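**Student:** Sequence and predicted structure are below.
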Amino acid sequence: MSYGSTIKVPLGPQHPALKEPGNFLFEVDGETVVDVKPRIGYNHRGVEKAFELRTYIQNIYLAERICGICSDAHTTCYTQAIEELLGVEAPPRARYIRVIIAELERIQSHALWVGIAAHEIGFDTLFMYVWRDRETVLDLFEMISGNRIHYAMNTIGGVRRDIHAAMVPKIKKGLDFLEKRLKYYLDVVQTEQTILKRAAGVGVLKPKDAVDLCALGPTLRASGINNDVRADDPYAAYDEVPFNVITHDGCDVSSRMLVRCEEMLESIKAIGYALDHMPEGVIRVRVPMKVPKGEVVSRVEAPRGELIHYAKSNGTTKPERYKVRSPTLGNIPALCKMLLGGYVADIPIVLAGIDPCFSCMDRMAFVDVKKNKGWNWTMQQLRRKYAKK
Amino acid sequence: MSLFKWARTKSPWIIHFNTGGCNGCDIELVAALTPRFDLERFGILLEGSPRHSDMLAVTGPVTLQVKDRLVRIYEQMPEPKHVIAIGTCAISGAPFQECYNVHGGIDTVLLVDAYVPGCPPKPEAIIDGIAKLIQKIKEGEGHGKRK
Amino acid sequence: MEKENEIVKKLKNFLKENLVRTTVPKERRIFVYIKKDALKDAVKYLVKDLEFKHLSTITGVDLGGKIEVIYHMAYKGSIVLSIRLTVSEKNPSVPTITDLIPGAVLYEREVHDLFGVNFEGHPDLSPLVLPEGWPQGVYPLRKEHKLEHLREMTSKK
């Protein structure tokens, strides 16, 4: 048994998988997955080194682009880290705005995921519906920040743009619409046979494995573990804005779907509360360019799970060391465990179940250990082969 | 206009490939398929196989790991073929220009016919870029050949 | 800060002189500096006795001549204890903790790729993030490698 380690398999001198490396190498015996080896790196750009070459303000925009779907989570984590090094605190109004943007991003990310998961199952109608409704969130982002993706709301010392009183009724109208639609999708996920057959009992991750393999986010919470950085290690205004941590005991892909759908509904409530209770005041404080020596660990609950940054400063305008660990990396050992012993046909939905960044997960290499042959498939080819007519 | 050119410009089939970007451009490209923007009403289909595609839509700065695969996908496409670089990363690599595992914009590896700037470009901008490329093809421009 | 101080006290009693330094900069954050040989005992104690079951990540830092390896562990998701040790740059070797925390497997591979730290006993230290054909022995996050230098090396291949 191995989590991402090598098993020696007797194959001929030409190992087919070596010519075209995929993000995952699956060793299969007929239709069953016997081993999984992750080999990520297509998205490895060398960002951590680039952080050391740029000033703290420039790095906000680099941190934002580590991921397009949870860009605000990265900037929140980053600005919090640098604020702690500087010994400043973002003003109360800014902390509430950070909560609002983070929760809107959670809704956007989970809705995107529900659509992609539906697409993996072959349920394209649901994909189109959800993505059409997701546009409401993107419209709100455009109204508040000027952009649909990469909203650049955070800066060191607070936020860059205010949520004015005139925007509040529009945001609330958008949220009301979303709440109705999300309740409908929650119902679909729980009752639609197409989904239940493909997602229930698939990709099982027992609670002990989830803890041993250090799983994160909805993947962890769908195995019944009550861990959420917003509740356990509160940041921004999460110590003042009430919300529930959603857990389910199913330990399978359908539980992960339920956790995400219910989290979206919780986010709507949290945003409503934050809008009603937003304190008056400034939205940012001025900060110096040079950051005194120090080190800090900053954590945020991104839509995919715990995001952790470690920052070390050396008294200059550029960081000494900046480390980023995105949640998807943290879920890969758990993912390998879920796939082992499962069917090849279930690979797309189990992979999708941890909500990975899709560019990382597109291409897979297969090796059949008994028949001694290897081949490569993209997700689309895999889906097509096993799509239920 | 010849029959082939008419058929090609009426319904281009696009293959999408991400060369290591943050996914922002990819999700705006996928959003272009959804009901509000509806790319398919232009006859544009997002295809999975390079062997059946007319256009290659590339996002992301080219990482070293992905460079060979990008070229291989391009080579598998039948002639004539065109390349659209979507997003600022695909155009110049920014903001990853100083990253050791990044090669640069797409045009350091392939001949690009259309550039759609933005970070990420809105779905309307992507559709506009594709429409402008279709126009270029109709007028007989556009590289369509291997670098 | 009560819980944090209690944890520090228990660690001091357990590790004795192997615990070099501790700081508690704010609530829910503890930094502990230990001697390399005490790593496995410390991690075992943290996981089994103090319930720090979650490993968030492992960070490598180039201190110039030495490499620091920091393990960020969490208590019930809330208190983060960063336990660190240093190894020499010439022969950076640390015992693996994958037998105590299976989830550490990819974090150790990443630090190996980027800093060259060898985790003794790790089941498979093959490259995780660096591309095929990356020059052997070049650990990009070490300070000795400037960007231009790395670009030159990779464009030659």
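**Tutor:** Done, it's in.
**Student:** A:I246 reaches A:R256, doesn't it?
**Tutor:** No: counting by C-beta atoms under 8 Å, A:I246 stays clear of A:R256, with 10.8 Å between them. The C-beta positions use only the backbone N, C-alpha and C, and glycine is treated the same way.
**Student:** who touches residue 101 in this structure?
**Tutor:** I went with chain A, as the question did not name one. A:72, A:144-145, A:151, A:153-154, A:159 (C-beta atoms under 8 Å, 6 or more residues apart in numbering or on different chains).
**Student:** Correction: the question concerned chain B.
**Tutor:** A:44-46, B:20, B:63-65, C:130-131, C:140, C:154.
**Student:** run the last query once more with 10 Å
**Tutor:** A:41-47, A:49, B:20, B:61-66, C:129-131, C:134, C:140, C:150, C:154 (C-beta atoms under 10 Å, 6 or more residues apart in numbering or on different chains).
**Student:** Those residues in strands, which ones?
**Tutor:** B:62-63 (DSSP state E).
**Student:** Can you tell me which of the contacts of B:N101 are classed as buried?
**Tutor:** Neighbour-count burial (16 or more other C-beta atoms under 10 Å in any protein chain shown) applied to the contacts of B:N101 gives A:41-47, A:49, B:20, B:61-66, C:129-131, C:134, C:140, C:150, C:154.
**Student:** ok, back up a step: highest neighbour count among the contacts of A:I101?
**Tutor:** A:M153 (31 neighbours; other C-beta atoms under 10 Å in any protein chain shown).
**Student:** what's the next secondary structure element after the host helix or strand of A:A118?
**Tutor:** Following DSSP states H and E, one finds A:A118 within helix A:92-121. The element immediately downstream of helix A:92-121 (helix or strand, assigned by DSSP H and E) is helix A:124-145.
**Student:** Now do that following helix against helix A:92-121, angle only.
**Tutor:** 160 degrees (axes from the mean of the first three to the mean of the last three C-alpha atoms, to 10 degrees).
**Student:** which residue packs closest to whatever residue of chain B ends up closest to chain C, ignoring adjacent ones?
**Tutor:** The minimum distance from chain B to chain C, using C-beta to the nearest C-beta, falls at B:Q65 (3.7 Å). Nearest residue to B:Q65, sequence neighbours excluded (C-beta to C-beta, 6 or more residues apart in numbering or on different chains): C:P131, at 3.7 Å.
**Student:** my guess is that neighbour contacts B:T63, does it?
**Tutor:** Yes: using C-beta atoms under 10 Å, C:P131 is in contact with B:T63, at 7.2 Å.
**Student:** so where's the chain shaky on pLDDT?
**Tutor:** Since you didn't name a chain, this refers to chain A. A:1-22, A:41-43, A:357-367, A:376-381, A:383-384, A:387-389 (pLDDT under 70).
**Student:** wait, I meant chain C there
**Tutor:** C:156-157.
**Student:** Show me what the longest helix seen in it is packed up against.
**Tutor:** In chain C, taking DSSP state H as the definition, the longest helix is helix C:2-15. Secondary-structure packing of helix C:2-15 (3 or more C-beta pairs under 10 Å, 6 or more residues apart in numbering or on different chains; DSSP states H and E): strand C:19-26, strand C:29-34, helix C:39-44, strand C:66-75, strand C:79-88.
**Student:** How much space separates A:A237 from C:T98?
**Tutor:** 38 Å (C-beta to C-beta, to the nearest Å).
**Student:** number of nearby residues for the closest residue to chain A within chain C?
**Tutor:** The minimum distance from chain C to chain A, using C-beta to the nearest C-beta, falls at C:G103 (3.0 Å). Neighbour count for C:G103, taken as other C-beta under 10 Å: 27.
**Student:** Look up the closest residue to it, ignoring the ones flanking it.
**Tutor:** A:C214 (3.0 Å).
**Student:** quick one: the one you found and chain B, what's the gap?
**Tutor:** 24 Å (C-beta to the nearest C-beta, to the nearest Å).
**Student:** Which one of the residues in chain A is closest to chain B?
**Tutor:** A:G68 (2.8 Å).
**Student:** pretty sure that residue contacts B:L29?
**Tutor:** No: at 11.3 Å, A:G68 does not count as touching B:L29 under the criterion of C-beta under 10 Å.
**Student:** Mutual contacts of the two, please.
**Tutor:** B:59, B:87, B:120.
**Student:** To which secondary structure element is the last one assigned?
**Tutor:** Looking back up the chat, that one is B:P120. Using DSSP H and E, no helix or strand contains B:P120.
**Student:** what's around the residue nearest to C:G103, how many residues?
**Tutor:** 26.
**Student:** and what of A:G158?
**Tutor:** Neighbours of A:G158 (other C-beta under 10 Å): 27.
**Student:** and it, what is it in contact with?
**Tutor:** A:79, A:83, A:88-95, A:97-98, A:281-287 are the contacts of A:G158 under C-beta under 10 Å, 6+ apart.
**Student:** Ok, C:I79 next?
**Tutor:** Applying C-beta under 10 Å, 6+ apart, the residues near C:I79 are A:232-233, C:3-4, C:7, C:24, C:27-30, C:50, C:52, C:73.
**Student:** now the residues you listed as a markdown table including neighbour count and distance to A:A166?
**Tutor:** A markdown table is the format used below for the contacts of C:I79 (neighbours: other C-beta atoms under 10 Å in any protein chain shown; distance: C-beta to C-beta, whole Å):
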| residue | neighbour count | distance to A:A166 |
| --- | --- | --- |
| A:D232 | 20 | 36 |
| A:D233 | 24 | 34 |
| C:K3 | 13 | 45 |
| C:E4 | 19 | 44 |
| C:I7 | 21 | 49 |
| C:V24 | 17 | 45 |
| C:E27 | 13 | 38 |
| C:R28 | 20 | 38 |
| C:R29 | 19 | 40 |
| C:I30 | 24 | 45 |
| C:L50 | 18 | 51 |
| C:F52 | 22 | 48 |
| C:M73 | 26 | 46 |
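**Student:** So for chain B, which residue is the most central one in space?
**Tutor:** B:A57 (1.7 Å; C-alpha atoms, centre = their mean).
**Student:** pretty sure that one is in contact with B:T19, am I right?
**Tutor:** No: the criterion here is C-beta under 10 Å, and B:A57 misses it with B:T19 at 11.2 Å.
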